[in-house]
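K.L.:
Give me the fold of what follows.
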Amino acid sequence: ETATELFEQSLAIHVEVLGEMHPENVEAYLNTAALYGVQDRLDDAFHACTKALRICGKELGKDDPYTVHAEKCFMLFVQLKHDKAAEINEQGLALMKAGGD
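P.N.:
Coordinates of the predicted model:
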């Protein structure tokens, strides 16, 4: 099994045993998001961070270290998605220019 499958299975077990909104799931979601980020699966990373933030918003305070961590990770993935979209746009423009010559 790949590392991704193990992380996903571990996360599923966390959610099954603890319940979807349990605060301990925040760390599991953030770890899974980091793994997705390394694999350039930014939409999946963003989704996992969003779930972590939702738990933080309902179960933890805004100054809780997990909340601060989740917010920083969320902003990182927002920036990475933005950078990736800009890179794709630049590549598309370059292809259009090359095709127009």
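K.L.:
alpha carbons only for contacts and neighbour counts from here, please
P.N.:
OK.
K.L.:
For residue 63, grab phi and psi.
P.N.:
In terms of degrees, to the nearest 10, the main-chain angles of residue 63 are phi -100, psi 0.
K.L.:
helices and strands around the longest helix seen in the chain, which ones?
P.N.:
Longest among the helix segments of the chain by residue count, using DSSP state H, is helix 65-100. Here helix 65-100 touches helix 25-38, helix 42-59, going by 3 or more C-alpha pairs under 8 Å, 6 or more residues apart in numbering; DSSP states H and E.
K.L.:
relative to helix 25-38, how tilted is it?
P.N.:
Angle of helix 65-100 versus helix 25-38, following axes from the mean of the first three to the mean of the last three C-alpha atoms, to 10 degrees, is 20 degrees.
K.L.:
Compute the inter-axis angle for helix 65-100 and helix 42-59.
P.N.:
Using the same axes, to 10 degrees, helix 65-100 lies at 150 degrees relative to helix 42-59.
K.L.:
Begin at 326 from now on, thanks
P.N.:
Got it, the first residue is 326 from now on, which makes the last one we talked about helix 390-425.
K.L.:
Same list (the helices and strands packed on helix 390-425) but as a markdown table, adding mean pLDDT and mean neighbour count.
P.N.:
As requested, the helices and strands packed on helix 390-425 are exported to a markdown table (pLDDT from 0 to 100; neighbours: other C-alpha atoms under 10 Å):
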| stretch | mean pLDDT | mean neighbour count |
| --- | --- | --- |
| helix 350-363 | 91 | 21 |
| helix 367-384 | 91 | 20 |
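K.L.:
With distance to residue 395 added, can I get the ones you listed in JSON lines?
P.N.:
What follows is those, written out as JSON lines (distance: least, C-alpha to C-alpha, whole Å):
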{"stretch": "helix 350-363", "distance to residue 395": "7"}
{"stretch": "helix 367-384", "distance to residue 395": "6"}
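K.L.:
Show the contacting residues for the spatially most central residue of the chain.
P.N.:
Among the residues of the chain, the one closest to the centroid is residue 370, at 2.3 Å (C-alpha atoms, centre = their mean). Counting by C-alpha atoms under 8 Å, 6 or more residues apart in numbering, residue 370 touches 357, 358, 359, 360, 361, 362, 402.
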